[in-house]
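Participant: sequence first, then the predicted structure:
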2 protein chains.
Amino acid sequence: MAGNRSDARTAAQKLLAVADAFDGPGDGTLTLSDIAQRSGLPLSTTHRLVRDWVEWGGLDRDDDGRYRLGLRFFSLGVRAPTQRRMRAIARPFLDDLVDLTHQNVQLAVRDGLAALYLERRSAKGAVPIITEVGVRLPLHATGVGLVLLAHAPAEVFESVLAAGPRRYLPNTMTTEAELRPRLATVRSTGLATSLDEMTEHTYSVAAPVRGRSGEVVAAVSIVAHPDDRANREYPLAVRVAARGVSRALGWRG
Amino acid sequence: MAGNRSDARTAAQKLLAVADAFDGPGDGTLTLSDIAQRSGLPLSTTHRLVRDWVEWGGLDRDDDGRYRLGLRFFSLGVRAPTQRRMRAIARPFLDDLVDLTHQNVQLAVRDGLAALYLERRSAKGAVPIITEVGVRLPLHATGVGLVLLAHAPAEVFESVLAAGPRRYLPNTMTTEAELRPRLATVRSTGLATSLDEMTEHTYSVAAPVRGRSGEVVAAVSIVAHPDDRANREYPLAVRVAARGVSRALGWRG
C-alpha cells in the first residue's frame, strides 16, 4: 500500500498500522518517513497519527526527532490479564527449574506464526541465549516453537510452510518432509528437542503447558549447552515442570 | 463526556480512549457497555472500535463476551526501547541487591502523577508487598514515589497537591506542609524512607537513578519489614546500587 489512493483502511486501522511499524527490524527507533513507509501512509497522515500516539504516551519523540514505543504500551502490556496470570502462575515453577538445573528456562506462547517469549530466567553462568521477554522467534526452529506448532491447528502448519521457513543454521529443518514427522514425534513423546537450529551452541528441550480444557496454551523449555545432552535428566524435568504449570492453570488431565 | 454530541475527539483519540478504559479498577475484564461508559462513547462506536482492537490483537474477547487486553500490547510493551534498556541495565544491580539483602527490591519511573514499577525482585521469605511490574502507585506515599516527586518539575508537585493526596494509612503524609520539607530532605540526603504509608508492615528506603545528563530518571528501593529499620546498612546500600545503575546508564556525575 502506498499513498492514500484506494486505501480502504479505517482511521483506527491506520492508527494501528503506525504502531505496527515498530514491530519490524532495527533498534526500535524510527523517523517519521520510516513510519510512513512501513505503514503505507502519506507523510501528512502519518504525522497526524504519530501526534495522537505521542499525546497518549504510546510513542516518545527523541531529541533527534526519532520515535520509539513509549511507557503506555509497557504499562498496559505488562498488565494484560492473560499473560499476567500465565506468568505469575508459571514463575515459581520456572524459578525452581533454574535453581535445580542452573540453566536457562523459558516460557512461550504462540502469537500467530511465531513463538512469543513471556518469561526467560537464567542461572548465572548458563549458556548465552538470544531470547528475552517479548521477543518473537519462528515456530519451526526453536524447542518451544516446535511444541506450539505441533499442537496448533493444521492451518498454522500450512501457513508456516507457505511462508517458507528459513534455514538459520545447517541443522534447521525447513521442509514439510522434515517437519511433519518431527511434529508427530513431539505430539507422541510430549517433548521437543532442538540442537543448534536457531542459535549455535544451544540445546533445548521443551514440553507443552495445558490449560483447563486440555488445550496446549504455552511451552516451557530448558536451554543448555550441547554438551548437556549427556544430562539425561532434563527431558523428564522439563515435562514435570510443564505439568506443574498446567495443574496450576487448572488442568486436570 | 457522554454520547457523541459535541465529542470533538478525533477517530484516533476515540480508539485510544477504548484502551484507556482498561486502565481503571477491576480485574481487567470489561463488557462492551463498561467500555462505552468509561470511554464516553456511544455503544455503536465502541462496538466498532473494539472490533478494530480485537482484529489487531490489542483486545481479546472471552467466551462470556467480556474483553481484556491482549498479547499485542504485551508484545509491543515489553519491547519499548527506553523501558527495555533501563530494565536490562538495572537487572544485575537489582539481583545483587536481592542476593545481598534477602529483601524486596524495586525499580520505578515517573509516569505523570504516578510511580510506575518497571521491576520488582523479591528474595524468598521477604515481606509481602503489593507492587508488581506495571503497577502504578501514587508519588506521595511510597519510597520510590517520593524520590521521583522530589526530582520532578515543580508543576508535578503542584498537580499532586491539587489532586488531593490520599491518606492510605495514619502515617501517610498528604499536606503541603508535611510534604514540602520532606521532599527537600530527599533532595539533600539522596534518600527517601517510608514507613507504613502505602502498605502496613513495610519499611522502604529509596534512592535516585540518574541518566547521562544528571537528570533523575528512575528510583531504586529496598522494601523490608519495619523491624529491619534496625539494619543501618540499607540506606547506604540502596544509594550505592542506584549509583551503579546510574553509571551503567552513562551518568558521569
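Facilitator: Now that the structure is in, tell me what you want to look at.
Participant: and the residue of the stretch 151-253 of chain A found nearest chain B, what helix or strand is that in?
Facilitator: Nearest residue of the stretch 151-253 of chain A to chain B, counting by CB to the nearest CB: A:S213, 10.4 Å away. Where C-beta positions appear, they are placed from N, C-alpha and C, glycine not excepted. A:S213 belongs to no helix or strand when elements are defined using DSSP states H and E.
Participant: count of neighbours near it?
Facilitator: A:S213 has 10 neighbouring residues, counting by other CB atoms under 10 Å in any protein chain shown.
Participant: can you give me the strands in chain A?
Facilitator: A:29-30, A:59-61, A:67-69, A:104-111, A:114-122, A:136-138, A:192-195, A:203-210, A:216-224 (DSSP state E).
Participant: just put those strands in TSV and tack on distance to B:Q37, mean neighbour count and mean pLDDT.
Facilitator: Below are the strands of chain A laid out as TSV (distance: least, CB to CB, whole Å; neighbours: other CB atoms under 10 Å in any protein chain shown; pLDDT from 0 to 100):
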stretch	distance to B:Q37	mean neighbour count	mean pLDDT
strand A:29-30	35	20	94
strand A:59-61	27	19	94
strand A:67-69	29	23	95
strand A:104-111	31	24	96
strand A:114-122	31	22	93
strand A:136-138	35	19	90
strand A:192-195	46	22	92
strand A:203-210	36	26	96
strand A:216-224	31	27	97
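Participant: between these, which one is closest to B:H225.
Facilitator: strand A:114-122 (26.3 Å; CB to CB).
Participant: close to chain B, is the closest one?
Facilitator: Yes - Strand A:114-122 comes into contact with chain B (CB under 8 Å from any CB of the partner chain), by way of A:L116, A:L118.
Participant: listing partners with orientation, what would you give for that strand?
Facilitator: In the sheet, strand A:114-122 lines up against strand A:104-111 (antiparallel), strand A:136-138 (antiparallel) (DSSP bridges).
Participant: could those strands go into CSV alongside distance to A:L236?
Facilitator: Formatted as CSV, the strands paired with strand A:114-122 follow (distance: least, CB to CB, whole Å):
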stretch, distance to A:L236
strand A:104-111, 15
strand A:136-138, 25
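Participant: of all those, which lies closest to A:K14?
Facilitator: Closest approach to A:K14 among the strands paired with strand A:114-122 (CB to CB): strand A:104-111, 22.4 Å.
Participant: which residue does chain A bring closest to chain B?
Facilitator: For chain A, CB to the nearest CB, closest residue to chain B: A:G77, 2.2 Å.
Participant: give me every residue that touches that residue.
Facilitator: Taking CB atoms under 8 Å, 6 or more residues apart in numbering or on different chains as the contact definition, A:G77 lies against B:L69, B:F73, B:F74, B:S75, B:L76, B:G77, B:V78, B:G134.
Participant: what's the closest of those to B:T174?
Facilitator: B:G134 (25.4 Å).
Participant: my guess is that closest one contacts B:Y117. True?
Facilitator: Yes - judged on CB atoms under 8 Å, B:G134 makes contact with B:Y117 at a distance of 6.7 Å.
Participant: so which of the strands paired with strand A:114-122 is nearest B:P226?
Facilitator: Nearest of those to B:P226, taken as CB to CB: strand A:104-111 at 34.8 Å.
Participant: now the angle between strand A:203-210 and that closest one, please.
Facilitator: 50 degrees (axes from the mean of the first three to the mean of the last three CA atoms, to 10 degrees).
Participant: can I get strand A:104-111 as CSV, trimmed to CA atoms?
Facilitator: Output in CSV follows, covering the C-alpha atoms of strand A:104-111 (Å, rounded to 0.1, in the frame of the first residue of the first chain):
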residue,chain,number,x,y,z
ASN,A,104,18.2,-21.1,31.1
VAL,A,105,14.4,-21.6,31.4
GLN,A,106,11.8,-20.2,29.0
LEU,A,107,8.1,-19.8,28.7
ALA,A,108,6.5,-19.0,25.4
VAL,A,109,3.0,-18.8,23.8
ARG,A,110,2.0,-18.9,20.2
ASP,A,111,1.4,-15.5,18.6
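Participant: the helices in the stretch 101-250 of chain A, which residues?
Facilitator: Remark: helices assigned in the stretch 101-250 of chain A by DSSP state H, counting those that start in this stretch are A:143-150, A:154-162, A:176-189, A:234-248.
Participant: would you turn these into TSV with mean pLDDT and distance to B:P128?
Facilitator: What follows is these, written out as TSV (pLDDT from 0 to 100; distance: least, CB to CB, whole Å):
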stretch	mean pLDDT	distance to B:P128
helix A:143-150	97	31
helix A:154-162	95	41
helix A:176-189	96	40
helix A:234-248	97	19
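Participant: buried stuff in stretch A:228-243?
Facilitator: Across stretch A:228-243, burial judged by 16 or more other CB atoms under 10 Å in any protein chain shown covers A:D228, A:N231, A:Y234, A:P235, A:A237, A:V238, A:R239, A:A241, A:A242, A:R243.
Participant: now the two most distant members of these.
Facilitator: A:D228 and A:R243 (21.6 Å).
Participant: surely A:A248 is in contact with A:R91?
Facilitator: No - using CB under 8 Å, A:A248 is not in contact with A:R91; the gap is 10.1 Å.
Participant: now do the buried residues in stretch A:156-173.
Facilitator: For stretch A:156-173, by 16+ other CB under 10 Å, it's A:V156, A:F157, A:V160, A:P165, A:Y168, A:T172, A:M173.
Participant: contacts with chain B among the residues you listed, please.
Facilitator: Okay, of those, nothing touches chain B (CB under 8 Å from any CB).
Participant: can you name the residues in contact with stretch A:57-65?
Facilitator: Counting contacts by CB under 8 Å, 6+ apart, the residues outside stretch A:57-65 that touch it are A:18-19, A:22, A:29, A:31-32, A:50, A:53-54, A:67-73, A:75, B:16, B:82, B:111.
Participant: drop anything exposed from those residues.
Facilitator: Using 16+ other CB under 10 Å, the buried ones in those are A:18-19, A:22, A:29, A:50, A:53, A:67-73, A:75, B:16, B:82, B:111.
Participant: so which of the residues you listed are in helices?
Facilitator: A:V18, A:A19, A:V50, A:W53, A:L71, A:R72, A:F73, A:S75, B:L16, B:T82 (DSSP state H).
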